[in-house]
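Colleague: Curious how this folds, go ahead:
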Amino acid sequence: MITGDAPVDLLRIVSTVNEDIFIPHRCLIYHVLAFAITSEKIAEKYKSKITETIFTTCKSDKDFFDFIKFVSSFRDLKKKSKLPHTVGKAVRKYYGMKSPMGLAGSYARYNSYHRWTHKDLIKLAHVQSPSHCGNKKDVNIDEDTERALDLIKKCETLRKTTDPKIALPLIFECNATINQIEPALRKSAEVWNATLPNMSLIEILQSLPKLYKLGFLKRDTPTQALINETLTNTEGIEISRIHPIEVFIFMKLFEKGGKYV
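Modeller: Residues are numbered from 1 along each chain as shown. Reported below is the predicted structural model:
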């Protein structure tokens, strides 16, 4: 499968699969791409094509970090000491394409995936930013960068605070999900109700057992109303591109109290 023109055929298959908007378990795409880009049996001339495919298939930061996770498993990067050269180039390109507010938005939504943080990748790949982006003393800092730095500071405050009065307005400003909230506040219905509109359909389905155990899904509660609105929003469901089998699995997990059986 990895000799001759097989890498080209492999990438063609990956691109075809990626075109299916309802594909379940998208992470498998990045498992294949991570294997291909780290394989010593695939000629270097194909590596740039693999990198291009990574960028055409990635639809979110989560997708890109799924790729990094599988690269880690193939190259034993648990100590986070070094990225393969081709992967490092891909990371530099990925972050280089982000505007200051785009990067701040990524940081606001998730600081890390699979135990890898944005800081880890930026540091290991030696990502360079324009001088004004990293120099707090630069009086010529542009407006977008100023806004981005302000958003990052607010996200840091949100992740550390245990005061709901401080957290609630920051949830709105940072467009935060429950994963950005200090664990001490995750038992508050008010906090959940503020974060649910910012969460994806999959994140909400994953949270159902937790919400049930907290008693927030009782009849006529604000949380139940928000969940019902999400699960009956046809447009939102179509945009989420969630596969029916994934919904079935999540609902079965909910039925079993969130435990795999």
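Colleague: Surely residue 75 is in contact with residue 37?
Modeller: No: using C-beta atoms under 8 Å as the test, residue 75 is too far from residue 37 to be in contact (9.7 Å). (Glycine included, C-beta is placed from N, CA and C.)
Colleague: Those two - which one has more neighbours?
Modeller: residue 37 (23 against 15; other C-beta atoms under 10 Å).
Colleague: Which residue is the nearest non-sequential neighbour of the residue nearest the centre of the chain?
Modeller: Geometric centre of the chain, nearest residue: residue 62, 2.8 Å, by C-alpha atoms, centre = their mean. The shortest distance from residue 62 to any non-neighbouring residue, by C-beta to C-beta, 6 or more residues apart in numbering, is to residue 113 (5.9 Å).
Colleague: beta partners for that neighbour?
Modeller: Beta-bridge pairing for residue 113 (DSSP bridges): residue 116.
Colleague: Share the number of residues neighbouring it, please.
Modeller: Residues near residue 113, counting by other C-beta under 10 Å: 17.
Colleague: List the residues that contact it.
Modeller: Applying C-beta atoms under 8 Å, 6 or more residues apart in numbering to residue 113 gives the contacts 61-62, 65-66, 68-69.
Colleague: which one of those residues is nearest residue 126?
Modeller: residue 68 (15.5 Å; C-beta to C-beta).
Colleague: In this model residue 116 seems to touch the closest one, though I could be wrong.
Modeller: Yes: look at residue 68 against residue 116 with C-beta under 8 Å: they come within range, at 5.5 Å.
Colleague: tell me the mean pLDDT over the longest helix along the chain?
Modeller: Longest helix in the chain by number of residues (criterion: DSSP state H): helix 143-160. Per-residue pLDDT over helix 143-160 has a mean of 92.
Colleague: the inter-axis angle of the following helix or strand past that helix versus helix 143-160?
Modeller: For helix 143-160, the succeeding helix or strand toward the C-terminus, using DSSP states H and E, is helix 164-174. The directions of helix 164-174 and helix 143-160 differ by 140 degrees, with axes from the mean of the first three to the mean of the last three C-alpha atoms, to 10 degrees as the criterion.
Colleague: mind listing what's buried in helix 164-174?
Modeller: Neighbour counts over helix 164-174 (16 or more other C-beta atoms under 10 Å) mark 167-168, 170-171, 174 as buried.
Colleague: Who are the contact partners of the spatially closest residue to residue 43 that is not a sequence neighbour?
Modeller: Counting by C-beta to C-beta, 6+ apart, residue 43 lies nearest to residue 7, which is 7.6 Å off, once chain neighbours are set aside. For residue 7, the contacting residues are 36, 42-43, 46, 49-50, by C-beta under 8 Å, 6+ apart.
Colleague: of all the contacts of residue 113, which comes closest to residue 233?
Modeller: Closest to residue 233, out of all of those and judged by C-beta to C-beta, is residue 62, at 21.3 Å.
Colleague: what's the strand or helix carrying the closest one in contact with?
Modeller: For residue 62, the element it lies in under DSSP H and E is helix 61-75. Contacts to helix 61-75, defined as C-beta under 8 Å, 6+ apart, come from residues 26-27, 29-31, 33-35, 37-38, 54, 57-58, 77-78, 83-84, 87, 91, 94, 106, 109-110, 113-114, 116, 121.
Colleague: Which of these fall in strands?
Modeller: Of the contacts of helix 61-75, the ones assigned to strands by DSSP state E are 113, 116.
Colleague: Narrow the contacts of helix 61-75 to just the buried residues.
Modeller: Buried among those by 16+ other C-beta under 10 Å: 26, 29-31, 33-35, 37-38, 54, 57-58, 77, 83, 87, 91, 94, 106, 109-110, 113, 116, 121.
Colleague: In helices only, show me the residues you listed.
Modeller: 29-31, 33-35, 37-38, 54, 57, 87, 91, 94, 106, 109, 121.
Colleague: quick one: which of these is nearest residue 204?
Modeller: Using C-beta to C-beta, residue 109 is the member of these that lies nearest residue 204, at 14.9 Å.
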